[in-house]
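Colleague: Here's a sequence, model it:
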Amino acid sequence: MKNGKVLLICLIFSFSAAYSQNTQLTIEGTNGKFYLTHSVVAKENWYSIGRLFNLSPREIAAYNNQNMDKPLEVAQQLHIPLTAANFDQKQKKSAGETLVPLYHVVQDQEWMFRISSIYNDVPVTSLEKWNQIQRDAVKQGMPLIVGFLKVKTDLSPLAMGIPSNPAPGNPVSDVQIKTVKSADPAQAQSTNKPAFSGNVNTGTQSPAKPVNSSVSNAPAVTTVIPVSNTPERVNNYAATHSNGGFFSVDYANNGKSASGLAGTFKSTSGWSDGKYYALMNGIAVGTIIRVSGANGKTIYAKVLGQLPEMKESSGLLIRISNAASAELGLGEGKFPVEVKY
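Modeller: The predicted structure follows:
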C-alpha cells in the first residue's frame, strides 16, 4: 500500500511540468455541452487524466466514444466534459479542492451580456469581478474567465500555482461603468486583464481539430437580456435632472438617424446615476446616441453591443435599459423611437 502511494505521488509530479506554467484552459462547445480539449502527453493514461480533470476515467472515455482497454496515444485529442462535478460558476469549493480559471476568447460582435447568456446566464457582475474589467471594455480576442474547473488539490497538477482565490478583486457594481467623462472621479478603471498566451490546449503538443462536431460560440438559450418585472420603479435621477442622462454631455450628432421599434432590458444602472445603455446593430460599442420617444421626451445612452440574436429581438431597432424607458415614460413593452448619432 505504501509503495502504491509513493508511485501515485511520483506520477502526479511527473505530469506537473506540463501543466503548472500558467496553462490557459479554454471552454469549447455550447450551453449545456461544454468541454475542454486535452492533448495526451507521454505517460498519461485514462486514470491520470481523470485525476487531472476531477472526473471518472470511464466518464471521459464514454464521452469520447472510446474503450478504456485501448491505450492512449501521444497527441491524441480528448474532449473533457464539464459537469456539475467539475464545473463551477459560483466559486464554491470543498476542503481540498482548487478552482482553476476557465476562459472564453471574445469573438467579433460579442459583448458581456451575450457572453453571459452563452455560459448559463452567469451574472455580468461576476464576469466583471473575475476579470477585473468593466463590461464596455470587452474587445475581440480578449480572454475572459467565465467559470472554474474544480479539481482535487493533491491529485491534479492543474492546481499547482493557483492561489486560494483564483479570481481576486472586489465586486464591480452595475453603476461602475468606465466612461470618458472626466467629471466622474469615482468611475472604475480596467486593470489586470488576463494575459492571453495563445495556447488554448491543455497539452504541450500542437492542438488538432476536435474530433467531434464543429464548435459554435452562438448562445443556445432563448433569452439573453431579461425584461424587468418592475415597471413602477421610480427613476430618481430623472426626478432631479432634465438633460436626458449622464451621457448627454458626450453626445456628438454626426447627422445619422434611424427610426423603429424599441424594447428594453433590465439594468441596475440609470436609476440614480443617469447612466443609460442601449443595444443596437451597426453602431460601434461606446457610441453615445440620442433616443427620442413619440411623446417628445429624450434620453442619451451608451451603446454596449449588438442586439441579442433571439426571436424577441425580431423587428426591433434597439433595446434600451429599463431605467431609460422609465425616464422616457414609455414603460417596458415595445414602442416607437427615433435614434440619432
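
Colleague: Which positions within the helix or strand where Ser292 lies qualify as buried?
Modeller: Per DSSP states H and E, Ser292 falls inside strand 288-293. By 16 or more other Cβ atoms under 10 Å, the buried positions in strand 288-293 come out as 288-293. Bear in mind the C-beta positions are built from the backbone N, C-alpha and C, glycine included.

Colleague: nearest to Gly274, of those?
Modeller: Gly274 lies nearest to Ile288 out of these, by Cβ to Cβ, at 12.7 Å.

Colleague: For Leu307, see how far away the closest one is.
Modeller: Distance, Ile288 to Leu307, by Cβ to Cβ, to the nearest Å: 18 Å.

Colleague: which residues of this structure fall in strands?
Modeller: Ranges of strands in the chain, per DSSP state E, are 25-26, 28-30, 33-39, 77-81, 87-88, 97-105, 143-152, 257-265, 276-279, 288-293, 298-305, 316-321, 335-340.

Colleague: Adjacent strands (with direction) for the first one?
Modeller: By that I understand strand 25-26. Using DSSP bridges, the strands paired with strand 25-26 are strand 97-105 (parallel).

Colleague: State the mean pLDDT of the partner strand.
Modeller: Model confidence over strand 97-105, given as mean pLDDT, is 93.

Colleague: repeat for stretch 35-44
Modeller: The pLDDT scores in stretch 35-44 average 91.

Colleague: In that stretch, which residues are buried?
Modeller: So stretch 35-44, judged by 16+ other Cβ under 10 Å, has buried residues 35-41, 44.

Colleague: Redo the residues you listed as CSV? Include distance to Asp121.
Modeller: Formatted as CSV, those follow (distance: Cβ to Cβ, whole Å):
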residue, distance to Asp121
Tyr35, 19
Leu36, 21
Thr37, 24
His38, 27
Ser39, 31
Val40, 34
Val41, 35
Glu44, 35
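
Colleague: ok, so of these, who is nearest Asn120?
Modeller: Using Cβ to Cβ, Tyr35 comes nearest to Asn120 of the buried residues of stretch 35-44, at 14.3 Å.

Colleague: which ones are touching the closest one?
Modeller: Shown in contact with Tyr35 (Cβ atoms under 8 Å, 6 or more residues apart in numbering): 27-29, 63, 79-82.

Colleague: any idea how far it lies from Gly147?
Modeller: Per Cβ to Cβ, Tyr35 is found 12 Å from Gly147.

Colleague: Name the residues contacting each of these two.
Modeller: Taking Cβ under 8 Å, 6+ apart as the contact rule, Tyr35 and Gly147 both touch 27, 82.

Colleague: Going along the chain, name the helices of the stretch 1-150 of the chain.
Modeller: Residue ranges of the helices in the stretch 1-150 of the chain, as given by DSSP state H, counting those that start in this stretch, are 2-19, 46-53, 57-63, 112-118, 124-131.

Colleague: do you know how far the residue lying closest to Ser321 once chain neighbours are set aside is from Lys302?
Modeller: The shortest distance from Ser321 to any non-neighbouring residue, by Cβ to Cβ, 6 or more residues apart in numbering, is to Ser267 (3.9 Å). Going from Ser267 to Lys302 by Cβ to Cβ gives 11 Å.

Colleague: coming back round to it: just the residues contacting the strand holding Ser292, thanks.
Modeller: Contacting residues not belonging to strand 288-293 are listed as 244, 247, 250-253, 262, 278, 280, 283, 298-303, 318, 320, 324, 328-330, 335-341 [Cβ under 8 Å, 6+ apart].
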